[in-house]
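1. this is a predicted model, with the sequence first.
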Amino acid sequence: MPTILGQNQYGKAENRVVRITRDGDTHHIKDLNVSVALSGDMDDVHYSGSNANVLPTDTTKNTVYAFAKEHGIESAEQFGIHLARHFVTSQEPIKTARIRIEEYAWERIATSDGNSQFIGADEVKHSFVRKGQETRTTQITFDGEKWQVISGLKDLVVMNSTSSEFWGYVKDKYTTLKEAYDRILATEVSAKWRYNWTSDDARMPNWEKSYEQTRKHMLQAFAETYSLSLQQTLYQMGSRIINSRSEVDEIRFSLPNKHHFLVDLEPFGLKNDNEVYFAADRPYGLIEATVLRDGTEPQIPVDMTNL
Ligand SMILES: O=c1[nH]c(=O)c2[nH]c(=O)[nH]c2[nH]1
């Protein structure tokens, strides 16, 4: 049966680009997921395998990162218009470019003494929580006598665009990681905390207030810790909560290290001064630990944190 080629398009999908713009020590984030689809005179590559008209998808990816550096990202629309125009006007065989962009919004974290709306204290200038609601969880167990309440949250995404280092680690023959003295620290927090309320008495916590305050201390400790490792940040988040909330005796975290790799723009004659990052989704480091009030026994199951 004779066949003919129908509609076709190609490109690189889901280029995760994070652009940090530094205004002194106040940082601004643009976090995009950019998909490029090109079409035009592409009969030959399908019929005969000739690549003469094919701009590699790898090049379309590089263009996204290079444009983020060279032109910045003012808005997703402006960035997409710029890219689409570039592909169609610079490559004769390309007749149509479709650029799809998802943008992830970030808000600044309020510091202990500040207010989220104002950039007052230092920390808030480079500490962000991704917009959108986290999921709140709870598990209640009652054996007719004793109560156990373990509450938590998941999908709370946070980022520090500076004030994070990672160096001085073990190096064996498989170690290639370069020491970092100024990196992005980002994670999606899953946490479970156990209330020390065990009996049906009048001193039971105000659950709504307790959740709100626990979340607040968690975010503030993340923002205010100058981090030498995600493990250290985790411990600071846990101990801030235990020290500030007398109703919580134990908290367990599961923190994926959401890696942001600096893009090498040197092949394009551009210097990447900690501005353009590739946000990788996997594999990721996974840092997990429990923080306890001294003198109490751990009760939160190790594998419960992600539920
Ligand atoms: O904060 C970190 N902790 C690690 O244990 C680790 N390992 C790694 O490769 N990067 C990081 N970052």
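-> In hand now; what should we look at?
2. contacts and neighbour counts: CA atoms only from here.
-> Fine.
3. buried ones in stretch 231-244, by neighbour count?
-> Along stretch 231-244, these residues count as buried under the neighbour rule (16 or more other CA atoms under 10 Å): 231, 233-242.
4. can you pull the pLDDT of the closest residue in space to Glu70 that isn't next to it in sequence?
-> When the adjacent residues along the chain are set aside, Glu70 lies closest to Leu270, with 7.7 Å between them (CA to CA, 6 or more residues apart in numbering). For Leu270, the model assigns a pLDDT of 98.
5. what residues does the chain have near the ligand?
-> 166, 229-231 (CA under 6 Å from any ligand atom).
6. ok, 8 Å please
-> 165-166, 177, 185, 228-232, 257, 285, 287 (CA under 8 Å from any ligand atom).
7. need the buried ones from the residues you listed selected in ChimeraX.
-> Selecting only the buried members of those in ChimeraX, with burial defined as 16+ other CA under 10 Å, works like this:
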select :165,166,185,228,230,231,257
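8. list the contacts of the residue in the stretch 51-200 of the chain positioned nearest to the ligand.
-> Going by CA to the nearest ligand atom, the ligand is nearest to Phe166 of the stretch 51-200 of the chain, at 5.9 Å. If a contact means CA atoms under 8 Å, 6 or more residues apart in numbering, then Phe166 has 179-181, 183, 228-229 as its contacts.
9. let's verify Gly168: helix, strand, or coil?
-> Of the three states, Gly168 takes coil under DSSP: H, G, I helix; E, B strand; the rest coil.
10. burial count for Tyr277?
-> 23 (other CA atoms under 10 Å).
11. now do the helices in the stretch 1-150 of the chain.
-> For the stretch 1-150 of the chain, applying DSSP state H, counting those that start in this stretch gives helices covering 43-47, 57-70, 76-90.
12. immediately after the longest helix anywhere in the chain, which helix or strand?
-> For the chain, the helix that runs over the most residues, judged by DSSP state H, is helix 207-224. The C-terminal neighbour of helix 207-224 among helices and strands, as given by DSSP states H and E, is helix 230-244.
13. for Trp167, phi and psi?
-> Note on Trp167: its backbone torsions stand at phi -160, psi 170 [degrees, to the nearest 10].
14. tell me how many other residues surround the nearest residue to it once chain neighbours are set aside.
-> Leaving aside its chain neighbours, Trp167 sits nearest to Glu179 (4.7 Å; criterion: CA to CA, 6+ apart). Neighbour count for Glu179, taken as other CA under 10 Å: 12.
15. so Glu179 touches Ser164, yeah?
-> No - here Glu179 does not reach Ser164: they are 11.4 Å apart, not a contact under CA atoms under 8 Å.
16. re the thing from before, could you identify the most distant pair in the residues of the chain next to the ligand?
-> Comparing every pair within those by CA to CA identifies Leu177 and Gln232 as the most remote, at 19.0 Å.
17. circling back to that earlier point, out of the contacts of Phe166, which comes closest to Tyr10?
-> Arg183 (33.5 Å).
18. let me know the secondary structure of that closest one.
-> Taking three-state DSSP as the rule, one finds Arg183 in the coil state.
19. so it makes contact with Thr162?
-> Yes - in this structure, Arg183 sits in contact with Thr162. The criterion is CA under 8 Å, and the distance is 5.8 Å.
20. neighbours around the closest residue to His28 other than its chain neighbours, how many?
-> On the basis of CA to CA, 6+ apart, the spatially nearest residue to His28 that is not a chain neighbour turns out to be Thr21, at 5.1 Å. The burial metric for Thr21, expressed as a neighbour count using other CA under 10 Å, is 19.
21. what of Arg16?
-> Other residues near Arg16 number 23, with proximity taken as other CA under 10 Å.
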